[in-house]
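1. fold the stuff below for me.
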Amino acid sequence: MALIRKLNGKTPMYGENCFFAETAAIIGDVEMGNDCSIWYGAVLRGDVHYIRMGNRVNVQDNATIHATYKKSPTNIGNNVSIAHNAVVHGCTIKDNVLIGMGAVVLDDVVIESNSIIAAGAVVTKGTHVESGSVYAGAPAKKIKEISPELLEGEINRIAESYLMYSTWYK
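-> Now for the predicted structure:
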């Protein structure tokens, strides 16, 4: 079973039909909705500020979600995929977003809905990612608009796939 640990009087809370891999760590002031999955080696550490996640969020292997002490909490919307080895820190991610493998999203970033952060991108402090766009590079910059094919073929496909994968482990 995953490490789900109360800290400083705060116990992680989660909705229905969630999957937590045995080596996932969910600590402190963390709340998530229904149909979420937290995969192997992923860490959600709500020790210095809160982490809030909506429904259908998947946090893939070795991803880290954290915040900044008393300054920058982490808010994640619905239907969000945070890919392998990504770091999401003290930011806001709205609905229907894909954070690519190894991407880093730093404090006070706002990622609007229907967006993709490419694999390996570094989204620097305070960046505002426009709705319907793809950001890539280090530092991350807008490289194109989201096409309907990317929205369905990547953002929604990955979220749907991880919901299915989680049923294999239950």
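2. now do the helices in the protein.
-> Applying DSSP state H to the chain gives helices spanning 148-150, 157-169.
3. check which residues of the first one are buried.
-> Along helix 148-150, the positions that meet the burial threshold by neighbour count (16 or more other CB atoms under 10 Å) are residue 150. Bear in mind the C-beta positions are built from the backbone N, C-alpha and C, glycine included.
4. for it, name the packing helices and strands.
-> Where contact means 3 or more CB pairs under 8 Å, 6 or more residues apart in numbering; DSSP states H and E, helix 148-150 is not packed against any helix or strand.
5. what's the answer for the longest one, then?
-> For helix 157-169, the helices and strands in contact under the criterion 3+ CB pairs under 8 Å, 6+ apart are strand 19-20, strand 37-38, strand 58-59, strand 80-82.
6. let's have those strands in a markdown table, adding mean neighbour count, distance to residue 137 and mean pLDDT.
-> A markdown table is the format used below for the helices and strands packed on helix 157-169 (neighbours: other CB atoms under 10 Å; distance: least, CB to CB, whole Å; pLDDT from 0 to 100):
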| stretch | mean neighbour count | distance to residue 137 | mean pLDDT |
| --- | --- | --- | --- |
| strand 19-20 | 22 | 33 | 98 |
| strand 37-38 | 28 | 28 | 98 |
| strand 58-59 | 28 | 23 | 98 |
| strand 80-82 | 28 | 19 | 98 |
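7. for residue 98, find the nearest of these.
-> strand 80-82 (5.0 Å; CB to CB).
8. so residue 30 touches residue 49, yeah?
-> No - distance between residue 30 and residue 49: 10.6 Å, which falls outside the contact criterion (CB atoms under 8 Å).
9. that older thread, just name the most buried of the helices of the chain.
-> helix 157-169 (a mean of 14; mean count of other CB atoms under 10 Å).
10. so how far is that helix off the chain centroid?
-> 15 Å (CA atoms, centre = their mean, to the nearest Å).
11. ok, residues contacting it?
-> By CB atoms under 8 Å, 6 or more residues apart in numbering, the surrounding residues in contact with helix 157-169 are 19, 21, 35, 37, 56, 58, 60, 79-81, 83, 96, 98.
12. what is residue 105 paired to in the beta sheet?
-> On the basis of DSSP bridges, residue 105 is bridged to residue 88, residue 123.
13. any idea how many residues pack against it?
-> 29 (other CB atoms under 10 Å).
14. so who does residue 117 touch?
-> Contacts of residue 117 (CB under 8 Å, 6+ apart): 97-100, 103, 105, 111, 123, 129, 134-136, 140.
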